[in-house]
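**Student:** just coords:
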């Protein structure tokens, strides 16, 4: 039994989808991010970083999306969600997810979380203005150099696909028109047809 | 044969150390980051993201530090640098490295790379002022919750150790006095005694 802690509209959706794809026995717990529940004493006892996602396992708590995606995929090998036995192919998966985590997600975070990195209201506004340009550049890099099609890694669906779908969900509100990116758009349509994606989204919007 | 592209003082040092630890056959190529060589046409043909590190393998180019660390460790299993066959222990390694990559490194980047996320000189200055506080908070989290000792994961040296050492190298210039953090300081002394660390540092400062 696994317990996933998530917030609506966060990157935790990627892990949520992968838990569904894997057929895992899990329970999803929604934190009220608007009420800052991720920094409540109860949640900080689970994840002292005050972030989502967190995954409670029978051996302890795990955090950080790229780590959780591999953990779930490796724990449920029958779902074949990561090419763990091929070091190069696995590194390609990890490289893609790391780019989402440390570049594209960080672009996005500068819209609402500027106070993490600066102190003045004018800086926050300056950061917000740059978000559409940055998110567009990140998605353009993915479209032109990284997304092979039909899935991120080509013919085989992997843990990269739910993560890209999750970050793609932020594009419109971040000022990026995905119609400009046909491979990204087709990927999103393919994702929406997967039962695991529908189940995770239904749970998060229930 | 592997080719590592790095810049002096960058996170590529972590991969450089791990190549030495693994006993890999590799050549290290230094980019002149002050001259923006990472955005030269020759290098962009290797890594279109214009960042270091990049690792050229006989199957293609790999990028992103957390991915490269696992790739090298997995490619040289005799060095025993990552607990790949234990999903939970492996996830702990990945979680640690992901925190360095997407939180602590990003704190650091706001000192010199503010133009990635904002446009005004005043915002850059505001970001710079917050770097000591953020770096200190990141290192305090590692010291209190993550670094087990003697190595990051406890008794066994892993790919987390060179990565933590690399980011620790930035602390002083980022306004953090590591004397405040005894576990971190002892870890750094232990690291400096390893021949692999000395060799990588010697190459980068030659």
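**Tutor:** Received the coordinates, thanks. Bear in mind that the values here come from a model prediction, so they are computed numbers and not experimental data.

**Student:** dump the residue contacts of the residue lying closest to residue A:122 once chain neighbours are set aside.
**Tutor:** Nearest non-adjacent residue to residue A:122, counting by CB to CB, 6 or more residues apart in numbering or on different chains: residue B:122, 6.5 Å away. For the C-beta atoms, the positions are set from N, CA and C on the backbone; glycine is no exception. Under the criterion of CB atoms under 8 Å, 6 or more residues apart in numbering or on different chains, the contact list for residue B:122 reads A:120, A:122-123, A:126.

**Student:** where does pLDDT dip in chain A?
**Tutor:** Along chain A, segments meeting pLDDT under 70 are nowhere present.

**Student:** what are the ranges of the helices in it?
**Tutor:** Secondary structure of chain A, counting by DSSP state H: helices at A:12-22, A:41-46, A:65-75, A:87-99, A:105-112, A:121-141, A:160-168, A:182-192, A:195-205.

**Student:** helices and strands around the shortest one, which ones?
**Tutor:** The criterion is 3 or more CB pairs under 8 Å, 6 or more residues apart in numbering or on different chains; DSSP states H and E, and the helices and strands that helix A:41-46 contacts are strand A:54-57.

**Student:** adjacent strands (with direction) for the strand it packs on?
**Tutor:** Each strand that strand A:54-57 pairs with, and the sense of that pairing, follows from DSSP bridges: strand A:2-7 (antiparallel), strand A:60-63 (antiparallel).

**Student:** dump those strands to TSV, plus distance to residue A:160 and mean neighbour count.
**Tutor:** What follows is the strands paired with strand A:54-57, written out as TSV (distance: least, CB to CB, whole Å; neighbours: other CB atoms under 10 Å in any protein chain shown):
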stretch	distance to residue A:160	mean neighbour count
strand A:2-7	19	21
strand A:60-63	19	18
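
**Student:** mind checking which of the contacts of residue B:122 are buried?
**Tutor:** Burial by neighbour count, 16 or more other CB atoms under 10 Å in any protein chain shown: within the contacts of residue B:122 this picks out A:120, A:123, A:126.

**Student:** of these, which are in range of chain B?
**Tutor:** Residues of the buried ones among the contacts of residue B:122 in contact with chain B (CB under 8 Å from any CB of the partner chain): A:120, A:123, A:126.

**Student:** can you put the residues you listed in a markdown table and add distance to residue A:71?
**Tutor:** Shown next, in a markdown table, are these (distance: CB to CB, whole Å):
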| residue | distance to residue A:71 |
| --- | --- |
| A:120 | 39 |
| A:123 | 36 |
| A:126 | 37 |
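
**Student:** residue B:170: which of the residues you listed is nearest?
**Tutor:** Taking CB to CB as the measure, residue A:123 is the one of these closest to residue B:170, at 22.1 Å.

**Student:** what's near enough to touch that closest one?
**Tutor:** The contact partners of residue A:123, taken as CB under 8 Å, 6+ apart, are A:114, B:118, B:120, B:122-123, B:126-127.

**Student:** would you turn those into TSV with distance to residue A:145?
**Tutor:** Supplementary listing: the contacts of residue A:123 in TSV, determined by distance: CB to CB, whole Å:
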residue	distance to residue A:145
A:114	28
B:118	25
B:120	30
B:122	34
B:123	29
B:126	33
B:127	28
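
**Student:** how is chain A divided into domains?
**Tutor:** Following the assignment in automatic domain parsing, chain A carries domains at A:2-79+A:198-205, A:87-194.

**Student:** and those as a markdown table, adding distance to residue B:45?
**Tutor:** Rendered in a markdown table, the data for the domains of chain A read as follows (distance: least, CB to CB, whole Å):
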| stretch | distance to residue B:45 |
| --- | --- |
| domain A:2-79+A:198-205 | 27 |
| domain A:87-194 | 12 |
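
**Student:** residue B:159: which of those domains is closest?
**Tutor:** In terms of CB to CB, the element of the domains of chain A nearest to residue B:159 is domain A:87-194, at 12.0 Å.

**Student:** end-to-end on the closest one?
**Tutor:** Terminal residues of domain A:87-194 lie 28 Å apart, using CA to CA, to the nearest Å.

**Student:** so which of the helices of chain A is nearest residue B:194?
**Tutor:** Distances from residue B:194 to each of the helices of chain A were compared using CB to CB; the shortest belongs to helix A:87-99, at 23.6 Å.

**Student:** and residue A:68, what does it touch?
**Tutor:** Counting by CB under 8 Å, 6+ apart, residue A:68 touches A:15, A:18, A:53, A:55, A:62, B:91, B:95.

**Student:** need the max-distance pair from those.
**Tutor:** The widest separation within those (CB to CB) is 15.5 Å, between A:18 and B:95.

**Student:** count of neighbours near residue A:172?
**Tutor:** Counted with other CB atoms under 10 Å in any protein chain shown, residues neighbouring residue A:172 total 10.

**Student:** so how far is residue B:82 from it?
**Tutor:** Applying CB to CB, to the nearest Å, one obtains 38 Å for the distance of residue A:172 from residue B:82.

**Student:** likewise for residue A:147?
**Tutor:** 28 Å.

**Student:** kindly report the same for residue A:62.
**Tutor:** Noted for residue A:62: a distance of 16 Å to residue B:82, by CB to CB.
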